[in-house]
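Asker: Provided below for reference: sequence and predicted model.
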Number of protein chains: 2
Amino acid sequence: MKTAITPTRAENFNEWYQNLIVAADLAENAPVRGCMTIKPYGWAIWELMRDAMDKRIKAAGVQNANFPLLIPIEYFNKEAEHVAGFAKEAAVVTHYRLKMIDGKLQPDPDSKLAEPYIIRPTSETIIGEAMSRWVKSYRDLPLKLNQWVNVMRWEMRPRMFLRTSEFNWQEGHNVFATHEEANEDARKMHKVYGDYMRDVLAIPCIMGEKTPEERFAGADHTYTVEQIMQDGKALQAGTSHDLGQHFAKSFGIQYLGTDGKLAHAWTTSWGTSTRMMGGLFMTHSDDDGLILPPAVAPYQVVIIPISRDENIDAMREYTANIEKSLNQIGVRVLVDNSDSRAPDKMWKWIKRGVPLRIEVGGRELETDTVTITRRDLGKDSRKILSVADLPEQIPEMLSLIQSDMYAAAEKRNRAMMHDVASLADLEKVLAAGKVGFFRIKYDLTTTPEFDGLMEKYKITRRCLDDADPTYVFVAKSY
Amino acid sequence: MKTAITPTRAENFNEWYQNLIVAADLAENAPVRGCMTIKPYGWAIWELMRDAMDKRIKAAGVQNANFPLLIPIEYFNKEAEHVAGFAKEAAVVTHYRLKMIDGKLQPDPDSKLAEPYIIRPTSETIIGEAMSRWVKSYRDLPLKLNQWVNVMRWEMRPRMFLRTSEFNWQEGHNVFATHEEANEDARKMHKVYGDYMRDVLAIPCIMGEKTPEERFAGADHTYTVEQIMQDGKALQAGTSHDLGQHFAKSFGIQYLGTDGKLAHAWTTSWGTSTRMMGGLFMTHSDDDGLILPPAVAPYQVVIIPISRDENIDAMREYTANIEKSLNQIGVRVLVDNSDSRAPDKMWKWIKRGVPLRIEVGGRELETDTVTITRRDLGKDSRKILSVADLPEQIPEMLSLIQSDMYAAAEKRNRAMMHDVASLADLEKVLAAGKVGFFRIKYDLTTTPEFDGLMEKYKITRRCLDDADPTYVFVAKSY
């Protein structure tokens, strides 16, 4: 059977993913090394994802703010683990003017900065410096800040949405008086992420703590949200860090306690990015294109009129009325009145993953009905509905699609999680080409033998099992 | 009389502005040359401004997208006027890695880029390149794109919100088949800006075309939205450019017409930025702090309980009920239950410009009333309202404040616009220290004598008079 995307997922998952992005008109590689341009349809999805996340972040008592793009190198250098983690991928600004020299536009040597800046790879340092001035007494705590910004980490092996040199994200930075509160909050934001993935993106996650080897550069604890893609590889979709007093000590974030004594505060940071879009696309899509959960679909319903010359006016009115009645109840709907052929329109919106497709031809027009198809279930779900019932039925169908998509992904996840009792067993299943998350005793993975397997099979430790942290999940990953 | 902000506007407008920003906790200078940190209260205002603008941009048929932060120098260099306009303030990225050399963290010489990048000062070039691939036939036109991003123009004389090296903005970029459509659209977006300033920010604007001397680098026509600050200086709050075929030719944006022939398209660009916040603050504030129009006030109403030990529980319930009833009708309201003293709370929210202040003491509690004061009119507007009437009265009062603030600013504008018949007259009023916009024959300003006045009195041509474009407005400006 011919599919809209070739190769199929089974034939070549990586190429399928690249072609999916083109077919759904989501993004393209930019003429800047490792960077991408997010096209209007992709950005409309991101705006919905961002707004839903922003609402949850604000509900957690966090305020948005905006810190500078550039970070002085000296700030960046203040926390040793942090700089070691990011120095190798830092874009450096060294001049502030261009000049035509020998017929070529170049950095003006006279504009060389005495102290260069780096483009933020993350903002613990510059926000830490601000917090050291903003926090004075226990009355100022907790202080919870977030920003939605672009960051840059020079990327040698870029992959659209998953790994790009520049990406958009939210980064939260909280300060507390005690370690207990900080750790509790790091776990709370971890849960906010997990709930968001489940309720908004319809993605079931493996939630757990990173092993010491995999922690964020400068964290005492890193809590991660891991997702299993359809090819069995892991995607880290969000992390929340208990930073202990690393940054509080490096930047002097101190507060006067109720006891009148000055003490170092405790900080956390937590982030999710446009990388989540890659997870969304690779979790739900099929060989005909994108499948979007209704919560983040720019259009939840598309209406395709199949008119003939003699009924074109009636069709316009008929479809406009349906559009209006759905708009009124808050459904995002589009009538595709473009001059393409009906089958082309149909395939366009299938590839773009619109949850519900409504077709209206002469017969529907005469009988006050529509033919409706669910994108996630395909043509077997086609049915005829009366126009009068749509305002009641459509929200119910959208809600059902959202929960069915979650259930389908969860079922697939379960089939991809395997227990292994020993490194020998692990090697056996890996050598046999089995994919997914392998659950194994953590201490087995701290041996030189495991290092060998990591190297050979490109697996990494994803996270400890929350149910029993003496176990760890290992998997190949994006 | 003691004011909350010293010096007052009359004493020293520039210092007053700096102190206003501190008093309202809006922003601070960042430890990065020419950059600022926007604090939570300032950012909350920006989010409301941004969302209101975004809605109007989308209503104009524009789609949001996201293009890269970095621009290859070669792209930037393709349009001669453009590069001349921006090369002198371009931040340049030359390396992609840091290394510890002689005990100092520095750009790694081995990571030097063969072709450096600049941080976008604006994105006509990189978006022009994308459009050259996205636009193929007349069917793809018009194409209307916008992005909300940060840009950088290295600033030697920074001033918070008005001129900072990094700033946040929206930049729209549209492409059309004909010059007529492009020019019409540049004027349309100009009007969108003017309407927004009037309806959302309550700021009356002088709308007109820039003279050739003041056009955007690479534009055929620049339409500007000029505002008059309380000290009589001009602020350019937004511009819309008819770019002719400059960028279409530099980047090869061509389309196959209905006649089957390939033709260059016509482009426009249009932008507004966080600079508008400076205009908002300098237009409406007074010597006691900020005055915010209700449309962009993070809190439209603040409730200050003045409780005693014996009525503290009753007061909590009483104010919580008012909060709830106002929340339900979409009013943004805060009950200040912090442990500060009531007068401190009152001054805090006066300085932050909350449109309506509600005070509740023992007498109000007993009589089911509140005492309410308008920020824009001050204590003369104090009155007592019954709690039961609030859901009806508050929205009316907010709406009245919005229109009264516009009327007050318009009255001040009118008093600051002066006709002058000759350069000699212009010099006379300038020498006498008169401030505001001076309307004069445009051709008088193309003489060497005018150049002398510009230099001596730091005035510039703001825009042609829309009612009679043989006249131009000149003024000092920010």
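Answerer: Noted; the coordinates are in hand.

Asker: can you show me the strands along the stretch 201-350 of chain A?
Answerer: A:206-209, A:221-228, A:234-242, A:254-256, A:262-264, A:266-273, A:301-305, A:333-335 (DSSP state E, counting those that start in this stretch).

Asker: ok, and what's touching stretch A:432-448?
Answerer: Stretch A:432-448 is contacted by residues A:206, A:211, A:226, A:228, A:231-234, A:415-423, A:426, A:429-430, A:450, A:459, A:461-462, A:464-465, A:469-476 when judged by CB atoms under 8 Å, 6 or more residues apart in numbering or on different chains. Glycine gets a C-beta too; all of them are placed from N, C-alpha and C.

Asker: TSV for the strands of the stretch 201-350 of chain A, including mean pLDDT?
Answerer: Formatted as TSV, those follow (pLDDT from 0 to 100):
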stretch	mean pLDDT
strand A:206-209	98
strand A:221-228	98
strand A:234-242	98
strand A:254-256	98
strand A:262-264	98
strand A:266-273	98
strand A:301-305	98
strand A:333-335	98
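
Asker: out of the ones you listed, which comes closest to A:Glu366?
Answerer: With CB to CB as the measure, strand A:301-305 is the member of these nearest A:Glu366 (14.0 Å).

Asker: quick check, the residue in the stretch 201-350 of chain A closest to chain B?
Answerer: Nearest residue of the stretch 201-350 of chain A to chain B: A:Asp339, at 8.2 Å (CB to the nearest CB).

Asker: any idea how far A:Val151 is from that residue?
Answerer: A:Asp339 sits 42 Å away from A:Val151, going by CB to CB, to the nearest Å.

Asker: using PDB, write out every CA atom in stretch A:96-103.
Answerer: Output of stretch A:96-103 as PDB, limited to C-alpha atoms (Å, rounded to 0.1, in the frame of the first residue of the first chain):
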ATOM      1  CA  TYR A  96      30.800  44.800  18.000                       C
ATOM      2  CA  ARG A  97      31.200  46.300  14.500                       C
ATOM      3  CA  LEU A  98      31.800  45.300  10.900                       C
ATOM      4  CA  LYS A  99      34.100  47.000   8.500                       C
ATOM      5  CA  MET A 100      34.900  46.700   4.800                       C
ATOM      6  CA  ILE A 101      38.600  45.600   4.700                       C
ATOM      7  CA  ASP A 102      40.200  44.700   1.400                       C
ATOM      8  CA  GLY A 103      36.800  44.600  -0.300                       C
END
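
Asker: run the contact check for it versus chain B.
Answerer: Yes - using CB under 8 Å from any CB of the partner chain, we find that stretch A:96-103 touches chain B at A:96-100.

Asker: residues near the residue of the stretch 201-350 of chain A closest to chain B, how many?
Answerer: A count of nearby residues for A:Asp339, using other CB atoms under 10 Å in any protein chain shown, gives 6.

Asker: against A:Pro305, how distant is it?
Answerer: To A:Pro305, A:Asp339 is 12 Å away according to CB to CB.

Asker: list the contacts for the closest residue to A:Arg412 other than its chain neighbours?
Answerer: Leaving out its chain neighbours, the residue that sits closest to A:Arg412 by CB to CB, 6 or more residues apart in numbering or on different chains is A:Gln230, at 6.9 Å. Each residue near A:Gln230 by CB under 8 Å, 6+ apart is listed here: A:9, A:13, A:282-283, A:412.

Asker: give me the nearest residue to the residue in the stretch 351-478 of chain A positioned nearest to chain B, chain neighbours excluded.
Answerer: Residue nearest to chain B within the stretch 351-478 of chain A: A:Arg352 (13.9 Å; CB to the nearest CB). The shortest distance from A:Arg352 to any non-neighbouring residue, by CB to CB, 6+ apart, is to A:Ala24 (4.9 Å).
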